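*Asks:* 3D, please:
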Amino acid sequence: MALPAPGAFAPAAATDAAGRKNMGQLIHLRWLAVAGQLATILVAHFLMGIALPMAPMLAMVVAAAALNIASRPLLRRRRDVTNAEIFLALIFDVVLLTVQLYLSGGATNPFVSLYLLQVVLGAVLLDIWSAWMIVGVTSGCFALLTVAYRPLDLPARFLGRLVDLHTLGRWICFALVAVLLVMFVTRISRNLRSRDAHLADLRQQAAEEDHIIRMGLLASGAAHELGTPLASLAVILNDWRRMPALAADAELMEEIGEMQAEVQRCKAIVTGILLSAGDPRGEAPAVTTMNRFLDDVVDDWRAAHPSAGIDYDNRFGDDMPIVSDPALKQVIWNVLDNAGEMAPERIAFHARRDEGSLILLIRDDGPGFTPAMLASYGRPYQSTKAGAGRGLGLFLVVNVMRKLGGRVEVANRPGGGADVTLILPLATIGMKEPGSDVP
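*Replies:* Predicted coordinates:
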């Protein structure tokens with residue numbers, strides 16, 4: 001007896017993964033068939049004294065076992081199994097069962113009902129056309145066995161008990177089919193539920209990515225609109241600094257300097273938005289080192305938040321060249337900003353390397369995440385802060401990290417506060433050393 005770029009081919013991959021699992025279940029079921037057929041042949045031949053053609057019947061058992069042995073390593077290397085391959089596997093099982101029945105009484109053998117198991121498996125696993133093909137093949141084999149088969153040579157002591165033997169065989173066949181169907185269908189149903197859950201996650205991810213695109217377009221348009229008035233403000237402030245009447249007032253000049261600093265900060269924010277949206281305006285990703293990148297991120301954040309306290313601990317170890325991605329810097333800033341809002345007096349930022357990954361831990365002593373947020377972190381509009389539009393920070397962090405090949409983990413600390421951990425493969429941003437194949 002005998003299943004990614006997200007959104008482009010992920011649903012197909014999910015279906016193929018289910019097919020791979022289903023083929024694995026067929027292999028398991030075939031092993032049960034091998035054991036059952038071998039036991040039945042040996043009991044009938046040696047204990048009951050029924051003369052059976054041992055060589056061809058055992059050859060069929062060996063053929064089924066050989067197919068399983070050959071299929072297992074191939075299945076481990078495959079990422080997908082097509083409908084046609086599962087169909088051929090079931091056809092093999094039907095042919096094997098037909099040969100065994102032909103050699104042991106044909107349609108008079110009570111185990112002929114095992115054809116129904118193949119039909120049920122085909123209905124569960126196959127496309128409609130191939131499921132009906134299984135129905136046709138099994139029906140044809142059953143019809144053939146009614147006219148062409150090798151009669152059983154029963155011992156004389158069984159001749160007066162044929163009805164009892166046939167009833168016992170039918171009961172054994174019924175129990176066997178019932179047990180195998182329950183075992184197999186429950187496992188297949190679990191595979192199908194897992195596939196449906198994966199597809200639902202992919203649809204949710206696609207919706208979130210669409211949300212990000214719309215927000216990115218809105219932010220990019222707003223940044224372009226803000227660029228002109230900010231440039232005008234910068235020019236006006238520069239003119240004010242050169243005006244003699246204003247230059248004579250030291251206090252006023254200090255305020256103008258602060259205004260210029262804030263305008264420059266706004267321009268930097270606008271440039272970052274445009275850069276994240278893919279606009280050519282702004283600085284391109286630069287070649288630097290990991291430790292320098294982390295140090296610069298912390299220094300810039302400290303300069304922008306002079307009243308906030310941050311404990312910075314860099315244990316990355318041996319430095320390495322990287323391409324600094326502005327999106328990664330913005331991700332770190334978003335998490336630091338959120339932590340600073342929750343615990344403005346003191347937050348912690350720890351960096352380390354672990355098995356080819358960059359591990360960044362941001363810790364605060366605030367109220368922590370609610371159970372609802374922990375269960376759905378990374379979804380939009382999930383926030384402990386009141387106000388429209390809140391909850392987008394962690395949503396953007398999770399999706400940007402996913403785009404970079406990393407992930408985000410959040411947890412509450414036993415003593416109060418929250419931990420947000422960013423995990424990013426170094427291969428994503430690392431540069432190869434000259435003459436080396438390893439980043």
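*Asks:* Going by C-alpha atoms from here, please, whenever you check contacts or count neighbours.
*Replies:* OK.
*Asks:* element containing Gln118, please.
*Replies:* helix 115-125 (DSSP states H and E).
*Asks:* which helices and strands does that helix pack with?
*Replies:* helix 83-102, helix 128-145, helix 162-242 (3 or more Cα pairs under 8 Å, 6 or more residues apart in numbering; DSSP states H and E).
*Asks:* residues in contact with it?
*Replies:* Applying Cα atoms under 8 Å, 6 or more residues apart in numbering, the contact partners of helix 115-125 are 1-2, 22, 86-87, 90, 93-94, 97, 130-131, 134-135, 138, 177, 181, 185.
*Asks:* again, but for stretch 142-157
*Replies:* By Cα under 8 Å, 6+ apart, the list of residues contacting stretch 142-157 reads 49-52, 98, 101-108, 112.
*Asks:* among these, which ones are buried?
*Replies:* Using 16 or more other Cα atoms under 10 Å as the burial test, these include Ile50, Leu52, Thr98, Leu101, Tyr102, Leu103, Ser104, Gly105, Gly106, Ala107, Thr108, Val112 as buried.
*Asks:* Walking through the stretch 201-350 of the chain, point out its helices one by one.
*Replies:* 244-247, 250-276, 290-304, 326-342 (DSSP state H, counting those that start in this stretch).
*Asks:* Point to the residue nearest the middle of the chain.
*Replies:* His198 (7.3 Å; Cα atoms, centre = their mean).
*Asks:* mind listing what Ile332 touches?
*Replies:* Val297.
*Asks:* by how many degrees do the helix holding Gln118 and helix 83-102 diverge?
*Replies:* 180 degrees (axes from the mean of the first three to the mean of the last three Cα atoms, to 10 degrees).
*Asks:* Name the residues of helix 115-125 that come out as buried.
*Replies:* So for helix 115-125, counting by 16+ other Cα under 10 Å, buried means Tyr115, Leu117, Gln118, Val119, Val120, Leu121, Gly122, Ala123, Leu125.
*Asks:* Could I get the contacting residues of Asp319?
*Replies:* Neighbour list for Asp319: Thr289, Met290, Asn291 [criterion: Cα under 8 Å, 6+ apart].
*Asks:* Name the nearest of those relative to Gln205.
*Replies:* Each of these was scored against Gln205 by Cα to Cα, and Met290 proved nearest at 30.1 Å.
*Asks:* Measure how buried the closest one is and give me the count.
*Replies:* Using other Cα atoms under 10 Å, Met290 has 22 other residues around it.
*Asks:* Looking at the contacts of Asp319, spot the one nearest Glu251.
*Replies:* Asn291 (39.6 Å).
*Asks:* nearest residue to that closest one other than its sequence neighbours?
*Replies:* Residue nearest to Asn291 in three dimensions, not counting chain neighbours: Asp319, with 6.1 Å by Cα to Cα, 6 or more residues apart in numbering.
*Asks:* quick one: which two of the contacts of stretch 142-157 are the most distant?
*Replies:* Top of the distance list for the contacts of stretch 142-157 (Cα to Cα): Gly49 and Thr98, 22.7 Å.
*Asks:* Met183: how many residues sit nearby?
*Replies:* 13.
*Asks:* what element comes up after the lowest-mean-pLDDT helix or strand in the chain heading to the C-terminus?
*Replies:* Counting by mean pLDDT, DSSP states H and E, the weakest-scoring helix or strand in the chain turns out to be helix 10-42, with a mean of 72. Note on helix 10-42: by DSSP H and E, the next helix or strand toward the C-terminus is helix 54-77.
*Asks:* Give me the buried positions along that following helix.
*Replies:* Buried residues in helix 54-77, counted by 16+ other Cα under 10 Å: Met57, Leu58, Met60, Val61, Ala64, Ala65, Asn68.
*Asks:* likewise stretch 406-421?
*Replies:* For stretch 406-421, a neighbour-count test (16+ other Cα under 10 Å) marks Gly406, Arg407, Val408, Val410, Ala411, Asn412, Arg413, Gly417, Ala418, Asp419, Val420, Thr421 as buried.
*Asks:* got it, and stretch 309-325?
*Replies:* Neighbour counts over stretch 309-325 (16+ other Cα under 10 Å) mark Ile310, Tyr312, Phe316, Met320, Pro321, Ile322, Val323, Ser324, Asp325 as buried.
*Asks:* got CSV for these, with distance to Asn399 too?
*Replies:* Below are the buried residues of stretch 309-325 laid out as CSV (distance: Cα to Cα, whole Å):
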residue, distance to Asn399
Ile310, 25
Tyr312, 25
Phe316, 24
Met320, 26
Pro321, 25
Ile322, 21
Val323, 20
Ser324, 18
Asp325, 15
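*Asks:* Switch those over to CSV; also include pLDDT and distance to Val298.
*Replies:* Formatted as CSV, the buried residues of stretch 309-325 follow (pLDDT from 0 to 100; distance: Cα to Cα, whole Å):
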residue, pLDDT, distance to Val298
Ile310, 88, 9
Tyr312, 91, 8
Phe316, 90, 14
Met320, 89, 18
Pro321, 90, 18
Ile322, 88, 17
Val323, 84, 17
Ser324, 79, 14
Asp325, 74, 15
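*Asks:* Next step: those restricted to strands.
*Replies:* Applying DSSP state E to the buried residues of stretch 309-325, the entries found in strands are Ile310, Tyr312, Pro321, Ile322, Val323, Ser324.
*Asks:* Serialize those residues to TSV and add fields for distance to Leu29.
*Replies:* Formatted as TSV, these follow (distance: Cα to Cα, whole Å):
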residue	distance to Leu29
Ile310	59
Tyr312	57
Pro321	53
Ile322	51
Val323	52
Ser324	53
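*Asks:* picking up where we left off before, pick out the most distant pair among the buried residues of stretch 406-421.
*Replies:* Most distant of the buried residues of stretch 406-421, by Cα to Cα, are Gly406 and Gly417, 23.6 Å apart.
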